[in-house]
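# Turn this into a structure:
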Amino acid sequence: MVSQGSPTGPGPNARWDSGWRRLPFPAVYRRTGSGPARPGGAVARLPGGVRVAHRGCRWMDVLCAGMYRACSTWQYEVIAHLVEHHGGGRRLGYLTGAQYAALIRGDAGHGSLAPGTAWRVLKSHEGDRCFARALAEGRAVAVYAHRDVRDVVFSLMHKRGLTFEQLLRQGMLHQILANDRFWTRQPGVLIQRYDDLLADPVGGVLGLARHLGIALTDGEAAAIAAAYSLESNKARTEALRRRLEQAGLDLNEAGNTQICDATTLLHWNHVRNGGSGSWLTQSTPAQRAILDRLCARWLSARSYPLRPAGAESGPLVEAPIGWRDALRLQLDRAIGLLNYRVRALSQQFPRLARRAKRLLGIPTDRPAGATVWSDTRPAGVG
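Numbering: from 1, shown residues only. Sure thing, here's the model as predicted:
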């Protein structure tokens, strides 16, 4: 697990907060005493271990922005537990960049210079300027988790009921790598590795707590890890599946694959039996060739082996690829890149995108995401 560094002295990232002195970024707030967190009982931990008390302290937002299918929901569950039990915080669910920007505008409209008066935790995946701005200004902290991208691809295929070619055409491989570039370049982001979290969930909990400046009692990290273990989350997803079936939903329909629980954000099909490296036995030679072309540099930079441990040695693409298959996959790759770039431009210039769609007669759909399910009725889209 790696925590990226950030500026250690006053400079362009320093900020002002109402009733506070000028602070260099990042300012991490820690609860003092055994009682509930309160504005007068917080301190800012400055570079070098200096602690400065502040009156009217406002806590920060926590952005859980891990890679798809890489324990990002587990991070959200654990951090939500931590902020609810240690800081009187609350969970916001899944928010897109546009939704978070609207939230911040609402904060400003109420005269708030920092979001909220307690910890708030949200989950997201795609990067956005409003997230970068909140991190740079010290109004938020972020956590990120990554996993072998090839396993991510086949896990997404299973969860969303898509073929490799469909996922490729959607631009999801390009989006996954773009998300990774965005979040790993932000200041002060805690980066955790999927395999490390599976092997040592207690250590993962401790790392998240340290990142938030929360001191845990003896045995608390182990209790939290057990509460959100793989077995516990399997039971939660199974309970959600039964609720949906009792409500009469056809879970074989593609539109129902994204239904999740309102509190945990776990989907009914969230947990899958497929260990690290399972992509190798599930992929074709042509698919492995595409993955190697798109992901080899990323895998090497993060010390992921090109071939899983225990696999036979030899070239990754061990069988010749017919020219028709090669041509079709290259076309899918080009379409995926185009779709990703169009989507990125739409997110960067949403008003212009909406106007262009109206002129071209293209429906302006609301952002796609998970359908939140509560009390046997869908409660919105995140």
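
# alpha carbons only for contacts and neighbour counts from here, please
OK.

# following the lowest-mean-pLDDT helix or strand in the chain, which helix or strand shows up next?
Across the helices and strands of the chain, mean pLDDT, DSSP states H and E gives its lowest value to strand 51-53, namely a mean of 29. Per DSSP states H and E, the first helix or strand lying C-terminal to strand 51-53 is strand 61-64.

# Name the residues that touch that following strand?
Outside of strand 61-64, the residues that reach it under the criterion Cα atoms under 8 Å, 6 or more residues apart in numbering are 72-73, 75-76, 115-116, 119-125, 139-144.

# could you measure His158 against Phe164, distance?
With distances taken as Cα to Cα, to the nearest Å, His158 is found 10 Å from Phe164.

# Next, show the common contact partners of those two.
Residues touching both His158 and Phe164 (Cα under 8 Å, 6+ apart): none.

# Now do the same contact list for the nearest residue to Val62 once chain neighbours are set aside.
Take Val62 and drop its neighbours on the chain: the residue closest to it by Cα to Cα, 6 or more residues apart in numbering is Val121, 4.6 Å away. Counting by Cα under 8 Å, 6+ apart, Val121 makes contact with 61-64, 76, 79-80, 83, 89-93.

# Can you verify Gly93 is assigned to a strand?
Yes - secondary structure assignment places Gly93 in a strand (DSSP: H, G, I helix; E, B strand; the rest coil).

# I'd like to know how many residues surround the nearest residue to His81 once chain neighbours are set aside.
Distances taken as Cα to Cα, 6+ apart put Ile224 closest to His81, at 8.0 Å, once the chain neighbours are dropped. Neighbourhood size, Ile224 [other Cα atoms under 10 Å]: 19.

# Could you number the chain from 658 rather than 1 from now on?
With the count now opening at 658, the last piece we talked about shows up as Ile881.

# What about Ile881? Give its phi and psi, please.
Backbone geometry at Ile881, expressed as degrees, to the nearest 10, gives phi -70, psi -40.

# Report the separation between the nearest residue to Arg817 once chain neighbours are set aside and Val719.
What sits nearest to Arg817 in space, not counting adjacent residues and going by Cα to Cα, 6+ apart, is Thr914, at 5.9 Å. Distance, Thr914 to Val719, using Cα to Cα: 27 Å.

# What of Arg1008?
28 Å.

# the more surrounded of the two?
The residue with more neighbours, out of Arg1008 and Val719, is Val719; 23 against 11, by other Cα under 10 Å.

# mind listing the strands for the stretch 908-1039 of the chain?
Residue ranges of the strands in the stretch 908-1039 of the chain, as given by DSSP state E, counting those that start in this stretch, are 916-918, 1028-1031, 1034-1038.

# go on, the stretch 758-907 of the chain?
777-780, 797-803, 846-850.

# just the angle between the second one and strand 846-850, please?
For strand 797-803 against strand 846-850, the angle by axes from the mean of the first three to the mean of the last three Cα atoms, to 10 degrees is 20 degrees.

# Any regions of the stretch 708-857 of the chain where pLDDT drops low?
Residues of the stretch 708-857 of the chain meeting the criterion pLDDT under 70: 708-715, 766-774.

# switch to 80 and redo it
Applying pLDDT under 80 to the stretch 708-857 of the chain flags the ranges 708-716, 744, 765-775.
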